[in-house]
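Trainee: model this:
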Amino acid sequence: METALPKFYTIGPYPEIDLGFTTLPTYYTMISLVYCLCIFWFYKRCEDRNLSLDKAMNIGLIVLLGGFLGSRLFHILFEQPRHYLHSPIEVFYFWQGGFVFYGGFIIAYASAFLYIRKQKLTFWLWHDTFAPVAALGYALGRVACFLVGCCYGKVCSLPWAVSVEQVHIASENVTHLWRHPTPLYATAMELLILAFLLWYEKRRPAVGRVFLIWVILHSCARILMETYRADPRGVEWMGLSLSTMISILLIAAASTALGRRKTL
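Mentor: Have a look, this model is predicted:
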């Protein structure tokens, strides 16, 4: 199934931050701040666990580069391939948006995985150290999505529906539709997951379980979020988006791995 060219784009309530003398793109400003916060917290968690701080910074840089390249690549290949075939130069227009979380997660994880293996680090301990940080980064990152209007939800009439400005590309006509605030749903669910992870790790579970449980809970929340989204997300299989299919595979893989870990 081919992916149609986009017919419109959306604008959220705060696409830019006005500083008076200049403006900053809300999404990239927030993502940059969130990344800095997550790196700082990851560094502190590694310090508390007597893990190599040099290795921690290396992993942080690997995740940054892998996440950026992977999320952009998945968007190009799976969400709007026809659009980029039509305008290949726009592959490099990353400031216009177009990123897929799972693409970034898969490439960043694979890169960090190879680094951890090559350095012969304590495999699952690094995973558990990173899991709550990933949950926080995802939760705050979705706030950025909401502010700029991406990942918008289906039209609804619920009391908490938000108005999304929709601009048609051909005519430039602007319409306002009331939609599910799906990014905020994701933020709320991920913050609950984060709270659970922080509580659970205090019980000193077997190493590896915190990370695997995060993967399962995050994937379940993602499937729920996907049912309310209405933005173009590429081809579907049996009515399921690519992110939903990846979530199902991650749940299966993490559940299998979790079953092999020692119980409490």
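
Trainee: low pLDDT regions in the stretch 151-264 of the chain?
Mentor: 262-264 (pLDDT under 70).

Trainee: all the strands of it, residue numbers only.
Mentor: All strands of the stretch 151-264 of the chain, identified by DSSP state E, counting those that start in this stretch, fall at 162-168, 174-179, 236-237, 240-241.

Trainee: looking at those, which is closest to F113?
Mentor: With Cβ to Cβ as the measure, strand 240-241 is the member of those nearest F113 (25.1 Å). Backbone N, C-alpha and C define where each C-beta goes, glycine included.

Trainee: pipe the strands of the stretch 151-264 of the chain into CSV and attach distance to V34 and mean neighbour count per row.
Mentor: Compiled in CSV, the strands of the stretch 151-264 of the chain are given as follows (distance: least, Cβ to Cβ, whole Å; neighbours: other Cβ atoms under 10 Å):
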stretch, distance to V34, mean neighbour count
strand 162-168, 21, 16
strand 174-179, 24, 14
strand 236-237, 30, 12
strand 240-241, 24, 18
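
Trainee: can you put those in TSV and add distance to Y152?
Mentor: Shown next, in TSV, are the strands of the stretch 151-264 of the chain (distance: least, Cβ to Cβ, whole Å):
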stretch	distance to Y152
strand 162-168	5
strand 174-179	5
strand 236-237	17
strand 240-241	14
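
Trainee: can you map out the helices along this protein?
Mentor: Along the chain, the segments classed as helices by DSSP state H run 26-48, 53-74, 81-86, 101-119, 123-148, 182-201, 209-226, 242-260.

Trainee: as TSV, those with mean neighbour count would be great.
Mentor: Formatted as TSV, the helices of the chain follow (neighbours: other Cβ atoms under 10 Å):
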stretch	mean neighbour count
helix 26-48	16
helix 53-74	18
helix 81-86	14
helix 101-119	18
helix 123-148	22
helix 182-201	19
helix 209-226	21
helix 242-260	16
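
Trainee: need the ones you listed in CSV with distance to V164, can you?
Mentor: Below are the helices of the chain laid out as CSV (distance: least, Cβ to Cβ, whole Å):
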stretch, distance to V164
helix 26-48, 15
helix 53-74, 22
helix 81-86, 21
helix 101-119, 20
helix 123-148, 10
helix 182-201, 10
helix 209-226, 16
helix 242-260, 20
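
Trainee: closest one to T175 among those helices?
Mentor: Using Cβ to Cβ as the measure, helix 123-148 is the one of the helices of the chain that comes nearest T175, at 17.6 Å.

Trainee: distance from the chain centre to that closest one, please.
Mentor: Computed by Cα atoms, centre = their mean, to the nearest Å, the chain-centroid distance of helix 123-148 equals 8 Å.

Trainee: what's the angle from it to helix 209-226?
Mentor: 30 degrees (axes from the mean of the first three to the mean of the last three Cα atoms, to 10 degrees).
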